[in-house]
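Enquirer: I would like to see how this sequence folds:
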Amino acid sequence: MPAWQHKGSKNPILRYLVAAPLIWLMIIPVAISDIFLEIYHRICFPIFGISYVERSRYIRIMDREKLPYLSWPERIGCAYCGYVNGWFHYASVIAGRTESYFCAITHLEVRGYIASEHEKSFVKYGDEAALKKRYAAYEMQYGDDSRAH
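Expert: Now for the predicted structure:
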């Protein structure tokens, strides 16, 4: 069943015609953000000794096109979703490594907040001694005493 016929709308074509341009317009901010994120990633990560994030592990564009049961519009849509959703995951990992480097403190526990996966290794909110220990261990490992705290 084509994407525009999903889930019981009385007028699925109208719903698709309204939503599709908004979905496809997202490629502009994502592509621009992708360029700036990659510049940041390739320049700043080596400066701070943060390991690169392997882009190909997060973004897949050309695998679903091999499925024989997809129409060409569905294949294009799958490539689009593979890029955009993969890019958001990739960007999240880069942001997580950045946050882990500069501010490895968990957020204050508030009901409803969902911590990201990378925060599991952070020191507890309010634990100054653990934070200083973490930074000291980093400095011993990498010999860097110029970290932002």
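Enquirer: Could you report the neighbour count for the residue lying closest to Phe48 once chain neighbours are set aside?
Expert: Using C-beta to C-beta, 6 or more residues apart in numbering and skipping the chain neighbours, the partner closest in space to Phe48 is Tyr101 (5.9 Å). For glycine as for every other residue, the C-beta is placed from the backbone atoms N, C-alpha and C. For Tyr101, the count of nearby residues is 16 (other C-beta atoms under 10 Å).
Enquirer: gap between Arg134 and Glu117?
Expert: For Arg134, the distance to Glu117 equals 18 Å [C-beta to C-beta, to the nearest Å].
Enquirer: circling back: which element, helix or strand, includes the residue nearest to Phe48?
Expert: In the assignment (DSSP states H and E), Tyr101 maps to helix 72-102.
Enquirer: buried ones in that helix?
Expert: Neighbour counts over helix 72-102 (16 or more other C-beta atoms under 10 Å) mark 77-80, 82-84, 86-87, 90-91, 93-94, 96-98, 101 as buried.
Enquirer: and that helix, what other elements does it pack with?
Expert: Under the contact criterion of 3 or more C-beta pairs under 8 Å, 6 or more residues apart in numbering; DSSP states H and E, helix 72-102 touches helix 27-48.
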